[in-house]
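>>> pasting a predicted model and its sequence here:
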Amino acid sequence: MSFKENFLWGGAIAANQAEGAYNVGGKGLSVADLKTVGGNGKERMFTPTIEEGVYYPSHNAIRFYDNYKEDIALFAEMGFKVLRTSINWSRIFPQGDEELPNEEGLKFYDNVIDELLAHGIEPLITLSHFEIPVGLMEKYNGFADRRTIDFYVNYATTVFERYKEKVKYWITFNELNFGTMSHGELTVLGIHPHGKYPLHKMPNDEKTRFQALHHTFIASAKAVIAGHKINPEFKIGCMIAHLSMYPLTPAPADVLQCKEYDLLVNKFVGDVQVKGEYPPLIKRYFESKGIEIQMEAGDLELLKSGVVDMYKFSYYMTLCVTTQNGAEASMGNLMGGAKNPYLESSEWGWQVDPTGLTFTLLDLYDRYQVPLMVVENGLGADDKVEENGAIHDDYRIEYMRKHVLAMKEAVEKGVDLIGYTMWGPIDLISAGTGEMKKRYGFIYVDMNNDGTGSLKRSKKDSFDWYKKVIASNGEEL
Ligand code: BGP
């Protein structure tokens with residue numbers, strides 16, 4: 001048993017981390033455009049307005065906006081079957097609440113999608129990848145206000161209609177479970193981080209956050225329903241940052257805590273989008289915290305009829321959970337945890353765990369029994385360019401080989417896995433830190449942390465390796 005014949009091999013990028021041209025072609029500002037560079041492993045800083053002399057990594061990114069033809073040609077050379085990218089909402093609706101879309105923004109995505117199709121690459125489009133128009137944040141406090149649902153659905157419907165003959169695979173929100181955490185408020189929910197919202201004086205607290213998250217659930221469900229009406233062949237997925245976790249010790253208290261965190265951080269959002277209902281245990285959790293989700297009549301039915309067709313997730317690392325004080329800490333994607341003594345970590349402190357991917361695939365398939373797709377996975381590393389221009393990223397090849405083997409093992413055990421889009425096939429801006437030197441790509445981009453560099457693209461050793469993996473459908477590793 002191995003990967004399916006039509007297994008979707010490819011890579012994933014996101015508009016704000018790749019495109020640049022943040023104010024070109026009628027584009028409005030998105031929340032990502034107000035974020036500056038952070039430090040190693042530290043969160044990126046948000047400034048409410050653009051200040052002269054401050055460096056905002058998304059403003060130029062790696063100029064995919066101008067280079068998309070060259071970049072797509074390189075993806076095609078590796079044999080990509082699929083490219084996951086996002087549409088930047090604020091290119092289409094610059095303020096977020098306009099009735100009619102910005103034609104110039106759509107034109108750019110017409111070109112990108114046509115270019116992909118011309119190379120036989122299937123587009124997989126994320127509607128919101130950490131990109132909510134700043135206008136919606138300022139006027140409505142993002143998804144804290146129910147009206148934002150309609151703006152999102154109008155945007156989704158606009159692009160579904162436009163690309164109904166060209167795009168089959170969609171994701172409604174990137175890493176929506178990030179919305180369960182306080183630092184996801186701005187990024188996925190569009191809630192103003194400094195508590196300044198002229199129209200709605202809602203506090204930035206857990207109640208607001210979970211209310212806003214409920215609104216994204218409704219927005220996602222309405223988009224799924226609308227999408228299936230526009231084209232019943234659409235395959236629309238959720239996207240969860242699966243933060244797989246283990247109890248640090250077999251102490252029952254650690255095991256119990258781990259189970260509870262897994263529900264709150266991973267399974268809650270997955271259940272709502274895949275099963276169409278709030279899991280019963282999360283309702284109790286909310287009650288215990290005095291959180292009451294305001295629902296309108298019909299919300300529960302909407303969640304049920306707007307379930308996604310497949311479960312898509314990102315997987316980079318695992319973390320450990322413990323009730324004990326003083327355990328050594330580790331960094332991670334979106335959240336850290338206790339350090340696992342059995343695992344090595346990346347340069348950015350993320351614990352590398354291929355077996356954890358097999359475990360996660362089994363866990364998810366057992367729970368949901370819908371097709372799964374790994375839509376992000378990879379190793380962020382500070383690559384060195386040799387004098388002759390070569391980049392020997394054998395550590396990346398090693399990381400990916402082990403993760404592909406881990407997927408294969410899950411497939412052998414019966415998991416329905418339909419594809420793999422590794423993260424950042426071309427170096428791009430880090431979402432977590434805004435750095436450029438945290439590189440994931442098979443393609444090197446000559447650009448530095450401060451935005452200087454020629455932007456020239458060159459192949460790393462991993463480029464040919466991945467080409468071979470795709471050509472052999474995951475057999476030659
Ligand atoms: C995910 C995001 C991506 C991506 C990736 C790697 O959480 O969906 O946008 O950037 O993580 O994270 P980082 O860029 O912080 O290394």
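Here it is on my side, so go on. Numbering: from 1, shown residues only.

>>> okay but residue 34 is in contact with residue 50, surely?
Yes - between residue 34 and residue 50 there is a contact under CB atoms under 8 Å: 6.9 Å. Any C-beta I mention is one placed from the backbone N, CA and C, and that applies to glycine too.

>>> more neighbours, the two?
Comparing residue 34 with residue 50 by other CB atoms under 10 Å, the one with more neighbours is residue 34, at 23 against 14.

>>> what distance do you get for the more buried one to residue 53?
Computed as CB to CB, to the nearest Å, the residue 34 to residue 53 distance reads 15 Å.

>>> which neighbours do residue 34 and residue 50 have in common?
residue 56 (CB atoms under 8 Å, 6 or more residues apart in numbering).

>>> what is the neighbour count of residue 360?
24.

>>> and it, what pLDDT?
Here the pLDDT value assigned to residue 360 is 98.

>>> spit out the contact partners of it.
If you count contacts by CB under 8 Å, 6+ apart, residue 360 has them with 242, 244, 313, 315.

>>> likewise for residue 112?
Counted by CB under 8 Å, 6+ apart, residue 112 has contacts 68, 72, 85, 123.

>>> and the strands in the stretch 1-150 of the chain, which stretches?
Here the stretch 1-150 of the chain has its strands, by DSSP state E, counting those that start in this stretch, at 8-12, 35-36, 45-46, 82-86, 122-128.

>>> would you mind measuring from residue 450 to residue 435?
10 Å.

>>> looking at these two now, which is surrounded by more residues?
Higher neighbour count among residue 450 and residue 435: residue 435, with 22 against 10, using other CB under 10 Å.

>>> what sits closest to the more buried one if chain neighbours are left out?
Spatially, and ignoring its direct neighbours in sequence, residue 435 is nearest to residue 449 (5.3 Å; CB to CB, 6 or more residues apart in numbering).

>>> anything in stretch 111-126 near the ligand?
No - Stretch 111-126 is not in contact with the ligand by CB under 6 Å from any ligand atom; minimum separation 8.9 Å.

>>> between the contacts of residue 112, which is nearest residue 282?
Taking CB to CB as the measure, residue 282 sits nearest to residue 85 out of the contacts of residue 112, at 31.8 Å.

>>> which residues touch the residue lying closest to that closest one once chain neighbours are set aside?
Spatial nearest neighbour of residue 85, excluding adjacent residues (CB to CB, 6+ apart): residue 13 at 5.1 Å. Taking CB under 8 Å, 6+ apart, we find residue 13 in contact with 64, 83, 84, 85, 86, 424, 425, 426, 428.

>>> ok, residue 423 next?
Applying CB under 8 Å, 6+ apart, the residues contacting residue 423 are 11, 12, 314, 316, 376, 377, 378, 440.

>>> just those that are near the ligand?
With CB under 6 Å from any ligand atom as the criterion, the contacts of residue 423 include 314, 376 near the ligand.

>>> dump the contacts of residue 423 to CSV, plus pLDDT and secondary structure.
Shown next, in CSV, are these (pLDDT from 0 to 100; DSSP: H, G, I helix; E, B strand; the rest coil):
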residue, pLDDT, secondary structure
11, 99, strand
12, 99, strand
314, 98, strand
316, 98, coil
376, 98, strand
377, 98, coil
378, 98, coil
440, 98, coil
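
>>> show me the two of the contacts of residue 423 that sit farthest apart.
Largest separation among those by CB to CB: 11 and 316, giving 14.6 Å.

>>> that older thread, out of the contacts of residue 13, grab the one that's most surrounded.
residue 84 (29 neighbours).

>>> can you pull out the helices in the stretch 351-477 of the chain?
Under the criterion DSSP state H, counting those that start in this stretch, the stretch 351-477 of the chain carries helices at the ranges 354-368, 394-412, 461-471.

>>> of all the ones you listed, which lies closest to residue 77?
Taking CB to CB, helix 461-471 is the member of the helices of the stretch 351-477 of the chain nearest to residue 77, at 7.1 Å.

>>> would you map the helices across the stretch 201-350 of the chain?
Taking DSSP H, counting those that start in this stretch, the helices of the stretch 201-350 of the chain run over residues 206-230, 252-262, 268-274, 280-288, 299-305.

>>> so which of those helices is the most surrounded?
helix 268-274 (a mean of 24; mean count of other CB atoms under 10 Å).

>>> give me the contacts around that helix.
The contact list for helix 268-274 (CB under 8 Å, 6+ apart) reads 172, 176-177, 179-180, 213, 217, 220-221, 238, 240, 277-279, 282, 303, 307-308, 311, 364, 367-368, 370.

>>> go with 7 Å
The contact list for helix 268-274, computed with CB atoms under 7 Å, 6 or more residues apart in numbering, reads 176-177, 180, 217, 220, 238, 240, 277-279, 282, 303, 307-308, 311, 368, 370.

>>> can you tell me which residues in the stretch 351-477 of the chain are near the ligand?
Residues of the stretch 351-477 of the chain lying close to the ligand (CB under 6 Å from any ligand atom) are 376, 380, 423, 430, 431, 432, 433, 438.

>>> quick one on the thing from earlier: rebuild the contacts of residue 423 as CSV, extending it with distance to residue 25 and neighbour count.
Shown next, in CSV, are these (distance: CB to CB, whole Å; neighbours: other CB atoms under 10 Å):
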residue, distance to residue 25, neighbour count
11, 25, 27
12, 23, 29
314, 29, 21
316, 33, 28
376, 27, 25
377, 32, 24
378, 30, 25
440, 27, 26
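
>>> how far does stretch 299-314 sit from its chain's centre?
When distances are taken as CA atoms, centre = their mean, to the nearest Å, stretch 299-314 is centred 17 Å away from the chain's centroid.

>>> now swap in stretch 296-305 and tell me
Counting by CA atoms, centre = their mean, stretch 296-305 is centred 26 Å from the centre of its parent chain.

>>> with the contacts of residue 112 in mind, which one is nearest to residue 342?
Among the contacts of residue 112, residue 85 lies closest to residue 342 (CB to CB), at 35.4 Å.

>>> any idea how far that closest one lies from residue 9?
Distance, residue 85 to residue 9, by CB to CB: 16 Å.

>>> state the distance from residue 80 to residue 419.
As for residue 80, its distance to residue 419 is 11 Å (criterion: CB to CB).

>>> quickly list what's touching both of the two.
residue 9.

>>> pLDDT score for the spatially closest residue to residue 379 that is not a sequence neighbour?
In space, and not counting its chain neighbours, residue 379 is closest to residue 399: 4.1 Å by CB to CB, 6+ apart. On the pLDDT scale, residue 399 is placed at 98.

>>> next one: residue 399 from residue 80, what distance?
For residue 399, the distance to residue 80 (CB to CB) stands at 19 Å.

>>> what sits against the residue nearest to residue 435?
Taking CB under 7 Å, 6+ apart as the test, what residue 449 contacts is 37, 435, 436, 437.

>>> which among the contacts of helix 268-274 end up buried?
Among the contacts of helix 268-274, those classed as buried by 16 or more other CB atoms under 10 Å are 176-177, 180, 217, 220, 238, 240, 278-279, 282, 303, 307-308, 311, 368, 370.

>>> show me what contacts the residue of the chain found nearest the ligand?
Relative to the ligand, the nearest point of the chain is residue 432 (2.5 Å; CB to the nearest ligand atom). For residue 432, the contact set (CB under 7 Å, 6+ apart) comprises residue 44.

>>> can you rerun that using 6 Å?
Residue 432 is in contact with no residue at all, counting by CB atoms under 6 Å, 6 or more residues apart in numbering.

>>> tell me where the model's unsure across the stretch 51-200 of the chain.
Along the stretch 51-200 of the chain, the model assigns pLDDT under 70 to residues 194-200.
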